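J.: model the following, please.
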Amino acid sequence: MMDAIVNALVFLVNTLADLYVFVLIARIILVWVHADYFNPMTKFVAKVTDWSVLPLKRLLPNIKDVELASLVLIFLIEIVKFFLIGILAYGMPSIFGLLLLALAETMKLTLNVFFYAILMQVILSWFPYTHSEIYNLLAVITAPIMRPIRRYMHPVHGFDISPIPALIGLQLIVILFVDPLYAEGMHLAFGT
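T.: Just a heads-up that it's a prediction; the model follows:
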């Protein structure tokens, strides 16, 4: 019975932290790409995150187009998340391991934001008359990744196949760089 309670608590901590961090990462990307503030999705992200980001922005202003307050908040949430998970499931973690885990998880969630934005954009493109505000926002978000690929990969018989190497590349980055970093963080934090 205790294992089920611990597993449920670990699941809740992980899920709630990741959902909020996902939205914070979306906020950073939206600021970075100069997304239309009046887009409903942009307004949603701002509304959900303003309460936690705006007080920090007084201490940590933006550096060029990078919202430093959101980035620091993401790291703090990730450190607290892994600390709580560690206490619940493994024991007292080391701080250096927590920092490495926070970095790896932030990188993974950032790559996932781009991955899912590209995937959603592909799915919406199958419906020719649905180029809505959401589609336009996804196009702005994915532009930093898709633009260089589209420079070299042109449509084949009217089909844009550039999302395929983008999605594969994002997953390769996770497998080659983020997963080993995560494993090393787990080893340093919890000895696993």
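J.: packing partners of the lowest-mean-pLDDT helix or strand in the chain?
T.: One helix or strand of the chain scores below all others by mean pLDDT, DSSP states H and E: helix 133-152, with a mean of 89. If you count contacts as 3 or more C-beta pairs under 8 Å, 6 or more residues apart in numbering; DSSP states H and E, helix 133-152 packs onto helix 2-32, helix 40-57, helix 95-125, helix 163-173. Every C-beta, even on glycine, is put in place using the N, C-alpha and C of the backbone.
J.: and the shortest one, what's buried?
T.: Of the residues in helix 163-173, P163, A166, L167, L170, I173 count as buried by neighbour count, 16 or more other C-beta atoms under 10 Å.
J.: tell me what that helix is packed against?
T.: helix 95-125, helix 133-152.
J.: please identify the most buried of these.
T.: helix 95-125 (a mean of 19; mean count of other C-beta atoms under 10 Å).
J.: quick one: mean pLDDT for that helix?
T.: Averaging pLDDT along helix 95-125 gives 93.
J.: distance from it to the middle of the chain?
T.: Centre-to-centre, helix 95-125 and its host chain are 4 Å apart (C-alpha atoms, centre = their mean, to the nearest Å).
J.: go on, stretch 54-72?
T.: Using C-alpha atoms, centre = their mean, the offset of stretch 54-72 from its chain centre is 17 Å.
J.: quick one: buried residues of it?
T.: L56, E67, L68, A69, S70, L71.
J.: can I get that stretch as PDB, trimmed to CA atoms?
T.: Output in PDB follows, covering the C-alpha atoms of stretch 54-72 (Å, rounded to 0.1, in the frame of the first residue of the first chain):
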ATOM      1  CA  LEU A  54       6.400  39.000 -13.200                       C
ATOM      2  CA  PRO A  55       7.600  39.300  -9.600                       C
ATOM      3  CA  LEU A  56      10.900  37.700 -10.700                       C
ATOM      4  CA  LYS A  57      11.200  40.000 -13.700                       C
ATOM      5  CA  ARG A  58      11.800  42.900 -11.400                       C
ATOM      6  CA  LEU A  59      15.000  41.200 -10.200                       C
ATOM      7  CA  LEU A  60      15.900  39.400 -13.400                       C
ATOM      8  CA  PRO A  61      15.200  41.400 -16.600                       C
ATOM      9  CA  ASN A  62      15.200  40.000 -20.100                       C
ATOM     10  CA  ILE A  63      18.600  39.600 -21.700                       C
ATOM     11  CA  LYS A  64      17.900  40.500 -25.300                       C
ATOM     12  CA  ASP A  65      15.100  38.200 -26.300                       C
ATOM     13  CA  VAL A  66      15.600  35.600 -23.500                       C
ATOM     14  CA  GLU A  67      13.300  35.900 -20.500                       C
ATOM     15  CA  LEU A  68      15.700  35.200 -17.700                       C
ATOM     16  CA  ALA A  69      13.100  35.200 -15.000                       C
ATOM     17  CA  SER A  70      11.200  32.300 -16.600                       C
ATOM     18  CA  LEU A  71      14.400  30.400 -17.100                       C
ATOM     19  CA  VAL A  72      15.400  30.700 -13.500                       C
END
